[in-house]
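K.L.:
Provided below for reference: sequence and predicted model.
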There are 4 protein chains.
Amino acid sequence: MVYRRTEYVEQKIDNAKTAIVTATIRLITTGGWRAASIAAVARTARVAAGSVYLHFPSKSQLLCEAYRRIAELEVKIIADIAHGEGTPGERLSAAIETFARRALRGRRKAYAVIAEPADEAEIERLRLHYRKQFVSQFVHIIDDGIRAGEFTQQDSNVTGACVLGALAEAIVVPLADESYDPVSRTPQLICEIQAYVNRAIGVKRTSSRPAIQENEFQES
Amino acid sequence: MVYRRTEYVEQKIDNAKTAIVTATIRLITTGGWRAASIAAVARTARVAAGSVYLHFPSKSQLLCEAYRRIAELEVKIIADIAHGEGTPGERLSAAIETFARRALRGRRKAYAVIAEPADEAEIERLRLHYRKQFVSQFVHIIDDGIRAGEFTQQDSNVTGACVLGALAEAIVVPLADESYDPVSRTPQLICEIQAYVNRAIGVKRTSSRPAIQENEFQES
Amino acid sequence: MVYRRTEYVEQKIDNAKTAIVTATIRLITTGGWRAASIAAVARTARVAAGSVYLHFPSKSQLLCEAYRRIAELEVKIIADIAHGEGTPGERLSAAIETFARRALRGRRKAYAVIAEPADEAEIERLRLHYRKQFVSQFVHIIDDGIRAGEFTQQDSNVTGACVLGALAEAIVVPLADESYDPVSRTPQLICEIQAYVNRAIGVKRTSSRPAIQENEFQES
Amino acid sequence: MVYRRTEYVEQKIDNAKTAIVTATIRLITTGGWRAASIAAVARTARVAAGSVYLHFPSKSQLLCEAYRRIAELEVKIIADIAHGEGTPGERLSAAIETFARRALRGRRKAYAVIAEPADEAEIERLRLHYRKQFVSQFVHIIDDGIRAGEFTQQDSNVTGACVLGALAEAIVVPLADESYDPVSRTPQLICEIQAYVNRAIGVKRTSSRPAIQENEFQES
DNA sequence: AATGAATGAGAATTCATTCAT
DNA sequence: AATGAATGAATTCTCATTCAT
């Protein structure tokens, strides 16, 4: 009995908190950070405005939680590839393809996380943090490639950032344009970016190993 | 007399309008988009708050005008290089160096244009517009290079975006970190990015032609 | 023309500010500090809530201004007596009578200023400040009396505070009780307090010099 | 069994109620009225927020109960002295010394009861009620003294209030100033107040009988 | 009887926009 | 054309109170 009751209560708590975070993510995805006012979040989550503060000490914390929910998974997926099997060249291509496919499917969500500036200072700090995390994965692959003699000698910290920047600009930024339909051009786009990056990094043998993950940006 | 009077009035309007835009730019440059409230703009421009609305239908339009003023110059400078003299390889290097040097000196201004949050949705749209404009310049150079057989065959629309993305990520994003002092590392950073881009674009002969413009991002 | 216009504008500013302060005082007088919310003040002053912030940087500042308006006059009146003509004994009696008469007429206003605790820390600091100011006036008279050999030797800082406390408790505190009608008993009450204080201070010759000011607590 | 069970339940209710009031008093003592939110009270009393409302119809009532608990003890201690043994003069001095010592030691508690802002209007009313109770004790002593021919003829209702006011002003008000350390000056301060009151009341023979109670204001 | 999550009415404050002068 | 005081809706956040369990 007690057990059940506890179960129920915990589930309810989780539900409300989850609903609030989900509502926040939906609002960010739909209308950007701007749209995620406490009132709007509460309305979307079908709770009272005050209830948001039962689960989060401040709006800033809520936005960070939403951000983390979106970003952490993405970083983890790329990190798994970066530290996984395959030659550095294979891993580089796989990372690019995975990042690209997921972003192209996640659309606005990817834009919000990677590219859309947020008013909250806290969020901006988080964004820089996660961009660094993404960059680190590319740096890791590049360093492996240099050590293996597979890639050109280079400052991997700079070129790692350049790789993420190229991806962000070529894939994510266009997503903000709601009329843009990337689906049809996806394969060519990915190929083109891979070729570009391979040249940039100086990959000696191009790999054609397919990406590990192809599901959507987030919700997996 | 009538003619003159009209002249005078129009000039006054222009002066006030110019003062308002200038004030807005100064505020954005100094304190970011958040600092550019109508009250602050009016105070800085030494006009009444209501007078701003004689020249601009809304704050959004004013910010867009200010944004355009900042961004158009930068695009023009890069465009001048892109359509100027020199081999495509030379122009590519010059464009990168100029973009980088100006951004690293302009700091806050470059950051505002490329990356800083603005809670006006309109600004976000403009930001994307000008990013496309920048990309176009790189596309132009790359197309020239491909035609001349100097660059690898590639989809210049994609790789042009990749070049801008690399620049934005490697240069502008770190500017958000106020403690970051880019000055000391500027030359190596630029070299490294140029090398990266040259490899990425597949430049056959590297040029060492100096950049045309070295002044600050803005005020030139 | 210009002169007139300036006149008008300034008058309007003053009117609004005055209206806000007056409304604040009225609310404090009627319902205590608690009743003086920004919304209530604005409603009472017939301005918009935001307009309050045209004239005061914060609620705290507004309450302080209202407090000062009430308190400064009272302190000045007592100070004039304390530093005025007459023997120390005469001045002591006059100060007591004036303080008492004004408080008994000002009723709730006197209570708010002297005795009613306020939520705003700033106000509490002001209250202590003005109580010290009142005490200083009594200390001044007592010191004069001691020097003249007219009063018993005593620690005037302590007994000055005791005099104010006696007045506050005997006169002001009952005013919070809305059903209390002090008017009828005023003369005896004042006499009784004077006799008490004269004994406490050890006045050798009692004076019957009438009080200088008899008007209401505030609005004079 | 039934009886016992009822007993048990009632005891539990009492325990919970006691715990709630105790928690409230502790919070008021520690952090003032502001610290005594329902949430904080419940947390401190280790009950659920809703449970507070099983025992008290409103927060206001709870605060009043806590107030009464604090104030009644103090009044009782002074009342015991007022109605106890000794000459009126002795009792007057003892009452003053006891009041002063307890207040100076209880600090925050005395301050809360006598002077601290509470944004419950009900508390203000109670505060006035208990001030009257304190006054009554002094009135009782003074009446005894007058009857015994030991004190000057006077309106004891007025002078009783004056005595409490003197005590409050000279002792309690400074307690609001957190930096004030009363301990060192306590004996002289008490002597000075006693001398003042003795003169004010017209005590014919000063007593040196020590105070009955010296323990802290509260927890005795 | 006890719980504690949920409520929702307020609180202070900000600021783009308007409009009488 | 220019002013700038006034507006009032929107913001985040608090907390006494309620009620389904």
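P.N.:
Yes, it's here. As the structure is a computational prediction, the values presented were derived from the model and not from experiment.

K.L.:
At the contact with DNA strand F, which residues of chain A appear?
P.N.:
Proximity of chain A to DNA strand F, by CB under 7 Å from any atom of the strand, involves residues A:5, A:8, A:37-40, A:49-50, A:53, A:57-60. C-beta coordinates here come from the backbone N, C-alpha and C atoms, glycine included.

K.L.:
Which among those count as buried?
P.N.:
By neighbour count, with 16 or more other CB atoms under 10 Å in any protein chain shown, these hold A:I38, A:A40, A:K59 as buried.

K.L.:
Can you list which of those are found in helices?
P.N.:
Judged by DSSP state H, these include A:I38, A:A40, A:K59 as members of helices.

K.L.:
Is there a neighbour count for whatever residue of chain A ends up closest to chain D? I'd like the number.
P.N.:
Among the residues of chain A, A:L54 lies closest to chain D, at 11.0 Å counting by CB to the nearest CB. Residues lying near A:L54 (other CB atoms under 10 Å in any protein chain shown) number 13.

K.L.:
Report pLDDT for it.
P.N.:
A:L54 is assigned a predicted lDDT (pLDDT) of 95.

K.L.:
just the one 4 residues further on next, same as before
P.N.:
Here the pLDDT value assigned to A:S58 is 95.

K.L.:
Let's have the ones in helices among the buried ones among the residues of chain A next to DNA strand F in a markdown table, adding distance to chain B.
P.N.:
As requested, those are arranged in a markdown table below (distance: CB to the nearest CB, whole Å):
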| residue | distance to chain B |
| --- | --- |
| A:I38 | 16 |
| A:A40 | 14 |
| A:K59 | 14 |
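
K.L.:
so who does the nearest residue to A:A36 once chain neighbours are set aside touch?
P.N.:
Take A:A36 and drop its neighbours on the chain: the residue closest to it by CB to CB, 6 or more residues apart in numbering or on different chains is A:L27, 4.5 Å away. Applying CB atoms under 8 Å, 6 or more residues apart in numbering or on different chains to A:L27 gives the contacts A:A35, A:A36, A:A40, A:V41, A:T44.

K.L.:
State the distance from A:L27 to D:H83.
P.N.:
69 Å (CB to CB, to the nearest Å).

K.L.:
show me what contacts A:L54?
P.N.:
Counting by CB under 8 Å, 6+ apart, A:L54 touches A:A16.

K.L.:
After the least confident helix or strand in chain A by mean pLDDT, which helix or strand is next?
P.N.:
When the helices and strands of chain A are compared on mean pLDDT, DSSP states H and E, helix A:173-176 comes out lowest with a mean of 68. Downstream of helix A:173-176, the next assigned helix or strand under DSSP states H and E is helix A:186-201.

K.L.:
So is that following helix next to chain B?
P.N.:
Yes: residues of helix A:186-201 are located near chain B by CB under 8 Å from any CB of the partner chain, namely A:Q188, A:L189, A:E192, A:I193, A:A195, A:Y196, A:V197, A:R199, A:A200, A:I201.

K.L.:
Stretch A:158-176 too?
P.N.:
Yes: contact of stretch A:158-176 with chain B (CB under 8 Å from any CB) involves A:158-159, A:161-170, A:173, A:176.

K.L.:
List buried members of the residues you listed by neighbour count.
P.N.:
With burial judged by 16+ other CB under 10 Å, the buried subset of these is A:158-159, A:161-170, A:173, A:176.

K.L.:
Out of those residues, the closest to A:T98 would be?
P.N.:
A:L167 (10.6 Å; CB to CB).

K.L.:
Look at the closest one and report its pLDDT.
P.N.:
pLDDT, A:L167: 92.

K.L.:
my guess is it contacts A:I193, does it?
P.N.:
Yes: applying CB atoms under 8 Å as the test, A:L167 and A:I193 come out as touching, 6.7 Å apart.

K.L.:
Can you check which residues contact both of the two?
P.N.:
With CB under 8 Å, 6+ apart as the test, A:L167 and A:I193 both reach A:I96, A:A100.

K.L.:
Up against chain B, what does chain A have?
P.N.:
Checking chain A against chain B by CB under 8 Å from any CB, the hits are A:32-34, A:116-119, A:124, A:128, A:131, A:135, A:152, A:154-155, A:158-159, A:161-170, A:173, A:176-177, A:188-189, A:192-193, A:195-197, A:199-202.

K.L.:
Kindly recompute the last result at 6 Å.
P.N.:
A:34, A:117-119, A:155, A:158-159, A:161-162, A:164-166, A:168-170, A:176, A:192, A:196, A:199-200, A:202 (CB under 6 Å from any CB of the partner chain).

K.L.:
Now restrict the residues of helix A:186-201 next to chain B to buried residues only.
P.N.:
Of those, these count as buried by 16+ other CB under 10 Å: A:L189, A:E192, A:I193, A:A195, A:Y196, A:V197, A:R199, A:A200, A:I201.

K.L.:
nearest residue to the fourth one other than its sequence neighbours?
P.N.:
On the basis of CB to CB, 6+ apart, the spatially nearest residue to A:A195 that is not a chain neighbour turns out to be B:Q154, at 6.9 Å.

K.L.:
That'll do, ta.
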